[in-house]
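Peer 1: Could you work out the structure for the sequence below:
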Amino acid sequence: MKCPRCHQGELFVHKWYHVFSGNKMVKQCSVCGQRTELEPGFYHGTGYISYMVTVALTVTSFVTWSLITGYGFRDKEIFYWLPVHIVFLIMLQPWLMRLSRVLWLTIFFHNDDKYHQGSACENASVKN
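Peer 2: Residues are numbered from 1 along each chain as shown. As a prediction, this is how the structure comes out:
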């Protein structure tokens, strides 16, 4: 849950999830100054990321459950797994929302070599 550019600054106002302001993000990184919201509605795409992560967790959970218990789709015992998995996903939802925002932001910010070699201002003064 760190800045995708410098990997040091915090992205969220609160380190741990708070009920009313758990997903509130800082306006910019305190270390490198990178803005966290590039344009209005930037984080609408996090729904796709959250969906992919949830599907991956569901498939992994079901495969693990069926390998451990030996039950599959043909048995009615799938209804033992389903409510447990739903509660598991509901409990993970705040973390999944944060994770999807971090992943979405990371997609748009690649490793900035200029930043890691020194700040852009220092590099500009060396060239001039």
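Peer 1: Could you pull up the contacting residues of the residue positioned nearest the centre of the chain?
Peer 2: Computing the C-alpha centroid of the chain and ranking residues by C-alpha atoms, centre = their mean puts Leu99 first, at 1.7 Å. Taking C-beta atoms under 8 Å, 6 or more residues apart in numbering, we find Leu99 in contact with Met1, Ile49, Ser50, Val53. Glycine gets a C-beta too; all of them are placed from N, C-alpha and C.
Peer 1: and the first one, what is it in contact with?
Peer 2: Applying C-beta under 8 Å, 6+ apart, we find Met1 in contact with Glu10, Leu11, Phe12, Lys15, Arg98, Leu99, Val102.
Peer 1: In this structure, spot the helix with the most residues.
Peer 2: helix 78-108 (DSSP state H).
Peer 1: Show me what counts as buried in it.
Peer 2: 78, 81, 85, 96-105 (16 or more other C-beta atoms under 10 Å).
Peer 1: before we move on, could you check phi and psi at the nearest residue to Leu105 once chain neighbours are set aside?
Peer 2: Distances taken as C-beta to C-beta, 6 or more residues apart in numbering put Pro4 closest to Leu105, at 5.5 Å, once the chain neighbours are dropped. Here is the backbone geometry of Pro4 (degrees, to the nearest 10): phi -70, psi -10.
Peer 1: Tell me which stretches of the chain form helices.
Peer 2: Under DSSP H, the chain gives helices at 46-69, 78-108, 113-117, 120-127.
Peer 1: now the second one against helix 46-69, angle please.
Peer 2: Helix 78-108 runs at 140 degrees relative to helix 46-69, counting by axes from the mean of the first three to the mean of the last three C-alpha atoms, to 10 degrees.
Peer 1: Alright, that wraps it up for me.
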